[in-house]
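# Any chance you could fold what I've pasted below:
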Amino acid sequence: MPVEKVLLAQPRGFCAGVEMAIKALSWMVRVFEPPVYCYHEIVHNRLVVDRFRELGVVFVDDVDDVPAGAPLMLSAHGSAPEVVAAARDHDRFVVNAVCPLVTKVHHEAKVRAGKGFTVLYVGHRGHDEASGTLAVAPESIRLVEHEDDLATVLPTVDDPSKVALLAQTTLSMHDWEGIMDRARDAFPELWTAARNDLCFATTNRQAALQAIAVEADAIVVIGSANSSNTLALAKVATAAGCPTVLRIDGPDELDAAALGAARVVGVTAGASAPEDLVQAVIARLAPTEGVVPVHVTEEDEYFPPPRELRDLMATLDLAAPVLFGGSAPELAGGGAFTDDRRVDASGVLAG
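Predicted coordinates:
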C-alpha cells in the first residue's frame, strides 16, 4: 500500500552537542594533514563515522594508539579523567569535544562524591557516556540500569542522608522517572540536580515523537543501534501505542514490507542522525499527500567550538589564503571559521 502522509517530528536530528562535535572534527579534517585521530566514535551514528573515515579520521579505543604530535579529538560522550590526561601527553594537539551537558553531570558527580555522597547513576553499562561518568568517582558511584538493580544497589549506601541521583543524558523519560521515584521513597533526603540531567534535546525529541506516534500507523526512527537516544525514541513510540516502529540507519534499510498497510508514517531522527538521511528516507517513502511537519518546540541552543579550537580558528581566518591556497569560507564550508554559529553541521558533513 502506498504511504499517503508523513508526519515529520520537529525537533529531530542533530542536537547542539552533536552540532558542535561534528563541526569541530570537520574543522580539524580541513586543517590538519591526515590522519586525524578520534578517541571513540565522535557520535554514535554509523554513517557519520563512515563519512569521517573516508576523510582520513582514525577512530581508536586507546589513546596510546595515537602517535606523538598527532591531532586528536575526544568524543562528544565524554572521557574518563585519566584518558583526558593521557591524551595530552606526547605533544598531541587535543580537542575535547565533550558535550557541555555531559560535563555538567561529571561536575555534579565529582562535587557530590567529594562531599561524601553515594551517587546513584542511571545509565547503560558499557555506553561511552556512562563509562566516562563512572570513572569520575568510581568509589562513590553506583550504576543503576534498571529499577530491579536498586534491590542490590541500595544496601550498599553507607549514609542514607547523603545520596545523590544522576543520569545519563540520553535516556528516555520513562527510564529515569521510575528509578527516581523508588530512590526517593528509600531516601527522602535524596539530592538531585536543580535541572534534570536528561538532555533538553533528548526530551524535546521524545515529546515531538509522542505527538506524532498517536496519529501514525507506523513510526520510522532514524539512527544507529548503538545510539542510546535513538533506542529511547523507539521505546517512546512503542509505549505511545504505535503498532509498527522501525529503527533504521538510513534509507537503504527501509523495508516497505515491514510498514504493511501503514498509510500515515511518522518520521523522526536521533540526536546524531544528519538531516540528509531524514530527507532521503522521506523520498523513499514517497508520500502521495506530502509531508506534515509537527512542531512541539523550537530549539536555539548553541554550543561554541571547544576552547582548543577557538584561537586556532581566528588565526585560520587570517592565514587561510596563504597557508592553504583558498579562502577561509571555502575551507570552512561556506563561512568563516569564526562564523561557526551560522554554519550547519549537516551541511558541513555533506559537503
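# who touches residue 134 in this structure?
121, 123, 141, 143 (Cβ atoms under 8 Å, 6 or more residues apart in numbering). In short, each C-beta sits where N, CA and C put it, glycine included.
# again, only using 6 Å
Listed by Cβ atoms under 6 Å, 6 or more residues apart in numbering, the contact partners of residue 134 are residue 141.
# Residue 166 versus that one, what's the distance?
10 Å (Cβ to Cβ, to the nearest Å).
# Spell out which residues are contacts of both of these two.
Counting by Cβ under 6 Å, 6+ apart, nothing touches both residue 134 and residue 166.
# What's the local residue count around the closest residue to residue 174 other than its chain neighbours?
Closest residue to residue 174 apart from its sequence neighbours, by Cβ to Cβ, 6 or more residues apart in numbering: residue 239 at 6.3 Å. By other Cβ atoms under 10 Å, 15 other residues sit near residue 239.
# confidence score at residue 239?
On pLDDT, residue 239 comes in at 92.
# next one: the one 4 residues further on
In this model, residue 243 is scored at 92, pLDDT.
# residues touching residue 124, list them.
130, 228.
# can you check residue 68 too?
Residue 68 sits next to 90-91 when contact means Cβ under 6 Å, 6+ apart.
# how about 8 Å then?
90-92.
# filter those to the buried ones?
Burial by neighbour count, judged by 16 or more other Cβ atoms under 10 Å, picks out residue 92 from these.
# Would you quantify the distance from the closest residue to residue 214 other than its chain neighbours to residue 208?
In space, residue 214 comes closest to residue 240 once its chain neighbours are excluded; the distance is 5.9 Å by Cβ to Cβ, 6+ apart. For residue 240, the distance to residue 208 equals 12 Å [Cβ to Cβ].
# the more surrounded of the two?
Neighbour count, other Cβ under 10 Å: between residue 240 and residue 208, residue 208 has more, with 25 against 19.
# Assess the claim that the more buried one and residue 7 are in contact.
No: look at residue 208 against residue 7 with Cβ atoms under 8 Å: they stay out of range, at 9.9 Å.
# Leaving out chain neighbours, which residue sits closest to residue 88?
residue 94 (5.3 Å).
# The one you found - how many residues pack around it?
21.
# got the contact list for it?
72-74, 84, 87-88, 308.
# Which of those residues are buried? Put it as a ChimeraX command.
Buried members of the contacts of residue 94, identified by 16+ other Cβ under 10 Å, are gathered into one ChimeraX selection as follows:
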select :72,73,74,84,87
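# and the contacts of residue 94 as a markdown table, adding pLDDT, secondary structure and distance to residue 15?
Below are these laid out as a markdown table (pLDDT from 0 to 100; DSSP: H, G, I helix; E, B strand; the rest coil; distance: Cβ to Cβ, whole Å):
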| residue | pLDDT | secondary structure | distance to residue 15 |
| --- | --- | --- | --- |
| 72 | 97 | strand | 23 |
| 73 | 96 | strand | 18 |
| 74 | 96 | strand | 18 |
| 84 | 94 | helix | 22 |
| 87 | 95 | helix | 24 |
| 88 | 93 | coil | 27 |
| 308 | 87 | helix | 21 |
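# which one of the contacts of residue 94 is nearest residue 192?
Of all these, residue 192 sits closest to residue 84, with 26.4 Å by Cβ to Cβ.
# Look up how far residue 210 lies from the residue nearest to residue 214.
Taking Cβ to Cβ, one finds residue 240 at 5 Å from residue 210.
# ok, now residue 300?
Distance from residue 300 to residue 210, counting by Cβ to Cβ: 22 Å.
# So these two - more neighbours on which side?
residue 210 (18 against 5).
# buried residues in the helix or strand that one falls within?
Using DSSP states H and E, the element containing residue 210 is helix 200-213. For helix 200-213, burial by neighbour count (16+ other Cβ under 10 Å) applies to 200-206, 208-213.
# looking only at pLDDT, what's the mean for the next helix or strand after it?
For helix 200-213, the succeeding helix or strand toward the C-terminus, using DSSP H and E, is strand 218-222. What strand 218-222 shows for mean pLDDT is 98.
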